[in-house]
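Asker: I would like the atomic coordinates for the input below:
(chains A and B)
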Amino acid sequence: MSDSKKPRRDFIKLSAMTLGGVGAASLLIPFISSMNPGKDTLALASTEIDLSPLEEGQSLTVIWRGKPVFIKHRTKSEIESARNTSLEDLPDAEEDSARVQKDNWLVVLGVCTHLGCVPLGQKASDTKGDYGGWFCPCHGSHYDTSGRIRKGPAPTNLPVPPYIFLTDNRIKIG
Amino acid sequence: MSSNELQGYKKTLNSPYTGIKGWIDSRLPLIRMMEAEYLKFPVPKSLNYFWSFGGIAMFCLIGLILTGIFLGFHYKPSADDAFDSVERIMRDVSFGWLIRYLHANLVSFFFIATFIHIFRALYFGSYKAPRELVYIFGLTMFMLMMATAFLGYTLPWGQMSYWGATVITNLFSAIPVVGDAILTLLLGDFTVGDSAVNRFYVLHWLLAFAIVGLVVFHVITLHMTGSNNPTGTEPQSWDETVSFHPYVTIKDLNATIFFFIILAFILFYYPNILGHSDNYIKANPMVTPAHIVPEWYFLPFYAILRAIPDKLGGVIAMFSSILALGLLPWLDTSKVRSCLFRPIWRYCVLLFAVNFLVLMYVGGKPAEGLYVLISRIGTAYWFLFIFVLAPLVGFLETPRQPLTITNYLQSKKA
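Answerer: Numbering: from 1, shown residues only, chains lettered A, B, ... in the order given. So this is what the prediction gives:
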């Protein structure tokens, strides 16, 4: 092969390899995407809950998207302690008013933002942690009466799922 | 190449055997390879019983694959069926209890053998040149082993399976920005569930055979350099070696039988002592057990995870604790391999082993008070050992002149 033909050969090799590479990479897309949740899983079920049986101070756990949701009928003192917390004391600063639609009802996902355990504090007999909300037994995260992280390894507050009040005593999550 | 050279080259490929053996060997040179690598293979004659644990680990791996195949005949990988199918194996399948208990306890003994095997490598300097790749392949297998064991532990779908899987897969959510998307991709759902147990089962099989593949590379690299030995000095002549068979085969067999007698004792008298009773409760996504602990062999790494009071930081520390060990061949600056001749490093390595056990202990305790403090000190020493002591001690200490294999054996006799 003469030298004058070399650049042309290089060009052919390079473009063949590039095209093959792009083709192989695009072939990955359907395979990786097949690992994501299927349409049946994605079809979000919304959950409706009747709040009337819940007395002040009581809590309820419901299932939404396969995850537990904590609904807490907060007492006056719980609301006050959530309200009176200085934002400087919060690792993930958020006003209590931004986390509730009605002061006496707190709705949060019951999944610790550290590694996904379900925190204790829903039953009267449970330990509620140092801040009167929830305590995650796995790695010791403490949440307050607004579901905000106060102490421990969890990085963020318990997330608030999307929900609406259908009536005063009925909510729909999702 | 002249035709003479070609003839000569081809001749070296000819089988040394005749008959059927020769017929096969000249087409598939496996017989002569086995003879060279396993029958006549020279190993230093000063090996002690620490050198038996590689072989023991291999027997454990074979046992796990065999029992795994038979469990697979009965196991059903779905959130609805998994727990019940395991209970059926325990109660209704002939000898199902034996096969499952063997599988579960063999894992523990595989880890025991592997921990001792790694300690051997550290203490006698087997990781140092020219055996770096042997060591790296070994650590890679160790990581795959942990992944395989984790996946396997989720399969019975008990409470510990489920919550262990939840906690460990959530480690991925610590990755900034894309963490949650990756987690959903890995699980095929928003939580650990039917989709997860199905793919965990497939990956459990896949990784087990990936380990087998790496064993081949581990052994090829080992046979290129030959075994290290307690003195850390290479054999100077044939006199300082023995052939692999029968000397090592018999010795390793002896050690393996002794090791498996201990396994049999645990297997038949305390089959659940290394497990957790909560795993006999079917998985419940609504209730987290009060005290989640991983399997005992993960505890040191779990302690490192919890020692760091930051989610991402803890995850990084845990993974890098093993990855960092892979840098040891280049961070250790000493010319001498074996701790027998390294007065300071020897105590660093022994302390590392003790520290490992301490971390294992605190990893099983609640993350509070003194336990957190101890796990932080332990984690600090882990990284200090690798990044500070390994380079520094090589400069600071004056090692003794390593003995040759012959002199070492004489000094032991004396």
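Asker: from one end of stretch B:69-84 to the other, what's the distance?
Answerer: 18 Å (CA to CA, to the nearest Å).
Asker: who touches it?
Answerer: B:85-86, B:88-89, B:93, B:96, B:99-100, B:103, B:155-158, B:193-194, B:197-198, B:200-202, B:205, B:282-283 (CB atoms under 8 Å, 6 or more residues apart in numbering or on different chains). In this view, the C-beta of every residue, glycine as well, is placed from N, C-alpha and C.
Asker: from those, list the buried ones, please.
Answerer: B:85-86, B:89, B:93, B:96, B:99-100, B:103, B:155-158, B:193-194, B:197-198, B:200-201, B:205, B:282-283 (16 or more other CB atoms under 10 Å in any protein chain shown).
Asker: circling back: same for chain A: which of the contacts of stretch B:69-84 are within range?
Answerer: Residues of these in contact with chain A (CB under 8 Å from any CB of the partner chain): B:G193.
Asker: which ones among the buried ones among the contacts of stretch B:69-84 map onto helices?
Answerer: Applying DSSP state H to these, the entries found in helices are B:85-86, B:89, B:96, B:99-100, B:103, B:194, B:197-198, B:200-201, B:205.
Asker: for B:D25, what are its contacts?
Answerer: So B:D25 contacts B:S15, B:P16, B:Y17, B:I31, B:R32 (CB under 8 Å, 6+ apart).
Asker: looks to me like it is in a helix.
Answerer: Yes: according to DSSP: H, G, I helix; E, B strand; the rest coil, B:D25 belongs to a helix.
Asker: mind checking pLDDT for it?
Answerer: Per-residue pLDDT puts B:D25 at 92.
Asker: quick one: name the residues of chain A near chain B.
Answerer: A:32, A:35-38, A:41, A:61, A:63, A:65-68, A:114-120, A:136-140, A:153-155.
Asker: coming back round to it: out of the contacts of B:D25, give me the two with the largest separation.
Answerer: B:P16 and B:I31 (9.2 Å; CB to CB).
Asker: quick one: residues contacting residue 133.
Answerer: Went with chain A since none was named. By CB under 8 Å, 6+ apart, the residues touching A:G133 are A:G121, A:H142, A:Y143, A:D144, A:T145, A:S146, A:G147, A:R148, A:R150.
Asker: you looked at the wrong chain, it should be chain B
Answerer: Counting by CB under 8 Å, 6+ apart, B:L133 has contacts B:T221.
Asker: now it: how far from chain A?
Answerer: 29 Å (CB to the nearest CB, to the nearest Å).
Asker: make sure that residue is indeed in a strand.
Answerer: No: counting by three-state DSSP, B:L133 is not part of a strand but helix.
Asker: buried subset of the contacts of B:D25?
Answerer: For the contacts of B:D25, buried by 16+ other CB under 10 Å: B:S15, B:I31, B:R32.
Asker: distance to chain A added to these, as TSV?
Answerer: As requested, the buried ones among the contacts of B:D25 are exported to TSV (distance: CB to the nearest CB, whole Å):
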residue	distance to chain A
B:S15	40
B:I31	39
B:R32	39
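Asker: tally of neighbours for residue 84?
Answerer: Using chain A here. 8 (other CB atoms under 10 Å in any protein chain shown).
Asker: meant chain B, my bad for not saying
Answerer: Based on other CB under 10 Å, the number of other residues close to B:D84 is 13.
Asker: same question, B:I386
Answerer: Neighbours of B:I386 (other CB under 10 Å): 20.
Asker: correct me, but it touches B:A324?
Answerer: Yes: counting by CB atoms under 8 Å, B:A324 is a contact partner of B:I386 at 4.8 Å.
Asker: show me where chain A has helices.
Answerer: Under DSSP H, chain A gives helices at A:6-34, A:39-42, A:76-83.
Asker: other residues contacting the last one?
Answerer: Identification of contacts with helix A:76-83 by CB under 8 Å, 6+ apart yields A:57, A:72, A:74, A:96-97, A:103-104, A:131-132, A:144-146, A:148.
Asker: tell me the secondary structure at the closest residue to B:V202 other than its chain neighbours.
Answerer: Excluding the flanking residues, the one nearest B:V202 by CB to CB, 6 or more residues apart in numbering or on different chains is B:P77, at 7.9 Å. Following three-state DSSP, we place B:P77 in the coil state.
Asker: which parts of the chain are strands?
Answerer: In the absence of a named chain, this looks at chain A. In chain A, the strands defined using DSSP state E lie at A:47-50, A:59-64, A:67-73, A:105-109, A:132-136, A:141-144, A:149-151, A:163-167, A:170-173.
Asker: chain B, not that one
Answerer: Under DSSP E, chain B gives strands at B:42-44, B:241-243.
Asker: nearest to chain A, out of the ones you listed?
Answerer: Nearest of the strands of chain B to chain A, taken as CB to the nearest CB: strand B:42-44 at 44.2 Å.
Asker: what are the pairing partners of that closest one, and which direction each?
Answerer: strand B:241-243 (antiparallel) (DSSP bridges).
Asker: give me the contact list for the partner strand.
Answerer: So strand B:241-243 is contacted by B:L39, B:K40, B:F41, B:P42, B:V43, B:P44, B:K45, B:P235, B:V248 (CB under 8 Å, 6+ apart).
Asker: burial check on the residue nearest to B:F119 when sequence neighbours are not counted, number of neighbours?
Answerer: Closest residue in space to B:F119, ignoring its immediate chain neighbours: B:A353 at 5.6 Å, by CB to CB, 6+ apart. Close neighbours of B:A353, defined as other CB under 10 Å, add up to 15.
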